[in-house]
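*Asks:* The following block contains a protein sequence and its predicted model.
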Amino acid sequence: GGGKTWFNGKEYDKVFDIEIEEGVPPLKCGYNYGQNPFAVAQDFISDHDLPQDFLTQIAEFIDKNANQQVTLGQAPPPSHGDPLTGGGAGGGFSAPAAPPPAAATATFESEVHMPKRVMVFFEQGGKAEAVERKLGEFNAGMAGSAAQMDEGEAKVFSDAARVVMGGDNLGKPPPAAYDLIAGKLLKWPADKIFPALDLVRLLVLNPYAAKHYSAEGAHDLIPAVCEVLRGKGAEVPMPTWLMSLRIFVNCFRQGAMRARTAHHCSAVLDACKGAGSVRNANVENAYGTLLMDYSVSIREAGLVKVGDAYPAAIAACTSLMSQPLTDPTACYRVACAAGTLVSDCPEGVAMAKEGGMV
């Protein structure tokens with residue numbers, strides 16, 4: 001009813017044709033207004049066991065074409081446009097012959113400013129040799145400490161770095177890396193931990209690692225990173241702030257980690273509140289991006305229905321907006337976060353006014 005379309009036993013506002021291979025019937029992808037196109041694309045890829053390389057293209061296609069009238073059973077008009085963007089086309093998507101180069105800092109960003117419905121991530125690869133070298137320097141200074149890596153553990157770190165920092169980050173990291181990170185590296189001092197955090201930043205983007213960290217009984221990575229920051233304030237050096245914030249942002253990237261990241265919203269924002277006073281453009285950008293992604297997550301969950309995460313996010317946005325930010329992107333993203341949280345939500349507007357946001 002109401003213009004919706006039934007597909008696989010559910011009602012959808014839109015059902016898109018996703019053409020994966022020429023000459024093969026397209027796959028169907030259901031979408032409802034207000035859903036995160038990235039989350040829909042990730043679920044679609046998982047359901048059909050498709051290459052992760054298609055994620056960005058499918059998510060962008062959904063985001064750009066959700067306002068077009070394309071429903072199951074409709075014959076699309078002849079296509080003379082771009083098969084990826086749908087420009088001039090009827091809503092079908094054709095997978096590219098080869099994936100385009102990865103974005104420097106973000107997967108994609110919607111043209112809709114607020115409320116935001118898509119998230120942004122930090123996917124730029126690292127330099128494995130440089131990270132290994134810096135970690136090795138710090139490790140040498142940990143002589144006599146139980147947290148010092150031995151030769152075998154250093155090789156595990158090296159192997160993991162080369163998986164997640166080299167190429168497409170779709171290979172399987174060495175399983176021993178998870179125990180090394182949990183048992184030693186995340187317990188290093190705040191001024192020496194950032195090379196390990198750079199590894200973790202990319203590790204959570206890896207589908208195998210995300211599945212590991214989402215499994216029942218697995219080491220909960222998010223509280224462990226919060227503990228690196230909590231209560232330390234100025235003792236936390238800029239690189240550690242930067243990598244920690246980017247880890248939290250990237251934890252939204254894989255569908256397997258998304259719910260866990262949303263669950264820890266209040267704890268994460270509490271641990272990150274000191275980031276607002278760090279006068280560094282990259283840290284501001286990462287913090288603004290984290291708030292924007294959390295605002296999308298909170299909106300997906302029903303705004304005020306998500307309990308203490310909602311007022312925590314409004315308070316964090318209010319605090320960051322009061323700072324003399326130097327990065328224009330950070331200013332934009334925290335404004336988007338605030339607008340996404342209060343848009344069409346009278347309770348949110350009242351909360352924002354009470355907190356001094358507006």
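*Replies:* Perfect, I can see it now. Numbers count the residues shown, from 1 in each chain.

*Asks:* Helix or strand: which one has the closest residue to residue 27 other than its chain neighbours?
*Replies:* Computed as Cβ to Cβ, 6 or more residues apart in numbering, the closest residue to residue 27 that is not its neighbour in sequence is residue 18, at 4.7 Å. From N, CA and C alone the C-beta is placed, and that goes for glycine too. Following DSSP states H and E, one finds residue 18 within strand 14-19.

*Asks:* packing partners for that strand?
*Replies:* Packed against strand 14-19 by the contact rule (3 or more Cβ pairs under 8 Å, 6 or more residues apart in numbering; DSSP states H and E) you find strand 5-7, strand 27-31, helix 55-65, strand 93-94.

*Asks:* So which of the ones you listed is nearest residue 193?
*Replies:* With Cβ to Cβ as the criterion, residue 193 lies closest to helix 55-65 of the helices and strands packed on strand 14-19, at 29.5 Å.

*Asks:* What mean pLDDT does that closest one get?
*Replies:* Helix 55-65 carries an average pLDDT of 81.

*Asks:* now swap in stretch 33-45 and tell me
*Replies:* On average, stretch 33-45 scores 81.

*Asks:* for it, the distance to its chain's centre please.
*Replies:* Mean C-alpha position of stretch 33-45 versus that of the full chain (Cα atoms, centre = their mean, to the nearest Å) differs by 13 Å.

*Asks:* The residue of the chain positioned farthest from its centre and residue 270: what is the separation?
*Replies:* Within the chain, residue 144 marks the point farthest from the mean C-alpha position, 37.3 Å out by Cα atoms, centre = their mean. Computed as Cβ to Cβ, to the nearest Å, the residue 144 to residue 270 distance reads 34 Å.

*Asks:* And residue 208, by the same measure?
*Replies:* 30 Å.

*Asks:* Buried residues, stretch 166-184. List them.
*Replies:* By 16 or more other Cβ atoms under 10 Å, the buried positions in stretch 166-184 come out as 169, 173, 177, 178, 180, 181, 182, 184.

*Asks:* number of nearby residues for residue 124?
*Replies:* The number of residues packed near residue 124 is 13, by other Cβ atoms under 10 Å.

*Asks:* Wait, a strand at it?
*Replies:* No: using DSSP: H, G, I helix; E, B strand; the rest coil, the secondary structure at residue 124 is coil, not a strand.

*Asks:* Now the phi/psi pair for residue 218, please.
*Replies:* phi -70, psi 160 (degrees, to the nearest 10).

*Asks:* For it, give its distance to residue 323.
*Replies:* Residue 218 is 36 Å from residue 323, by Cβ to Cβ.

*Asks:* what's the answer for residue 302, then?
*Replies:* From residue 302 over to residue 323 (counting by Cβ to Cβ), the distance is 29 Å.

*Asks:* Repeat that for residue 45.
*Replies:* 38 Å.

*Asks:* The two: which is more packed in?
*Replies:* Applying other Cβ under 10 Å to residue 45 and residue 323 shows that residue 45 carries more neighbours, namely 21 against 17.
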